[in-house]
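Enquirer: show me the folded form of this:
(chains A, B, C and D)
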2 protein chains.
Amino acid sequence: MYTKKIEEDLDCGIRVAAKVFGGKWKCCILDAINRGINRPADIGRYITDASARVIEMQLAELLFFGAIEKCAGEGFPKRTEYRLTPLGESILPILAQMDRWGLSHSEFIKERQRELENAEV
Amino acid sequence: MYTKKIEEDLDCGIRVAAKVFGGKWKCCILDAINRGINRPADIGRYITDASARVIEMQLAELLFFGAIEKCAGEGFPKRTEYRLTPLGESILPILAQMDRWGLSHSEFIKERQRELENAEV
DNA sequence: ACAATAACCGAAAAAAGATTCGGTAGGGAT
DNA sequence: ATCCCTACCGAATCTTTTTTCGGTTATTGT
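Expert: You can find the predicted model right below:
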């Protein structure tokens, strides 16, 4: 895990939230686990854009901050499975709200993004 | 504004949200403007931890993506003022929810953070 | 026994993002 | 005229985060 050189202010709720589920792939991982995809390798196959390494690292952080828990799987080859803890579940409504907001404005934002890219050629 | 080398997926609502208000200080800036602190210099004095430059840059991005608008101030020395647009206002409930979540778990997260720091000495 | 898969880790490199520094230009005050 | 404050901006630098790469160990299927 990274050690920061610049002090971070955990009295601001938003910064606390960003620390726990603010990484590039953490929201996707929480979403995947919530959908029942709970083995590392499966999560990796589900989120094809992220490397296996980053998934491991972000799983480790989610685990460390108690959003998920690690347990032995049920089936025959006993493999690692991750599950949401109550803390992790309490994040889901926020993710849903952010996703709804983003989707309802995505066309507008994409259009602005295209303008930006064309201007920069 | 930065141009990314790795393609970003704006079909995911959460990524769209992160793009618009995901910077380190954008939430604070939106909060400040919402509280009626709307001139750049005042925002800079309000958010003392951030440099003037980063506030300018993040104001420019919020402006570009339409979360705030720029207008001439009312008073005698006509200075720049920023205001929330309807799009910017629609972000506020999400920030409030994130802040509430973060504050209600901040003691637990701070404790974990302390453990991490002690372990790394 | 052997190949394949899973889970995981360290370290280097690359990319993204934030900060610092050194400017410009305009208006107001003395 | 000079000084200060405001609003900006470009570029270099530094920090943080992500990615890539090359491993280890254990387990499973053949």
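Enquirer: which stretches in chain A count as helices?
Expert: Secondary structure of chain A by DSSP state H: the helices cover A:13-21, A:26-34, A:40-46, A:52-64, A:86-119.
Enquirer: could I get the ones you listed as a markdown table with distance to DNA strand C, mean pLDDT and mean neighbour count?
Expert: Backbone N, C-alpha and C define where each C-beta goes, glycine included. Listed next are the helices of chain A as a markdown table, based on distance: least, CB to the nearest atom of the strand, whole Å; pLDDT from 0 to 100; neighbours: other CB atoms under 10 Å in any protein chain shown:
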| stretch | distance to DNA strand C | mean pLDDT | mean neighbour count |
| --- | --- | --- | --- |
| helix A:13-21 | 10 | 94 | 23 |
| helix A:26-34 | 12 | 94 | 22 |
| helix A:40-46 | 3 | 93 | 16 |
| helix A:52-64 | 5 | 95 | 17 |
| helix A:86-119 | 12 | 93 | 15 |
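Enquirer: out of those helices, which gets nearest to A:Thr80?
Expert: Nearest of those to A:Thr80, taken as CB to CB: helix A:40-46 at 6.4 Å.
Enquirer: hmm, back to that, the helices of chain A: which one's closest to DNA strand D?
Expert: Of all those, helix A:52-64 sits nearest to DNA strand D, with 3.1 Å by CB to the nearest atom of the strand.
Enquirer: near DNA strand D at all, the closest one?
Expert: Yes: for helix A:52-64, a contact with DNA strand D is found by CB under 7 Å from any atom of the strand, at A:Ala52, A:Arg53, A:Val54, A:Met57, A:Gln58.
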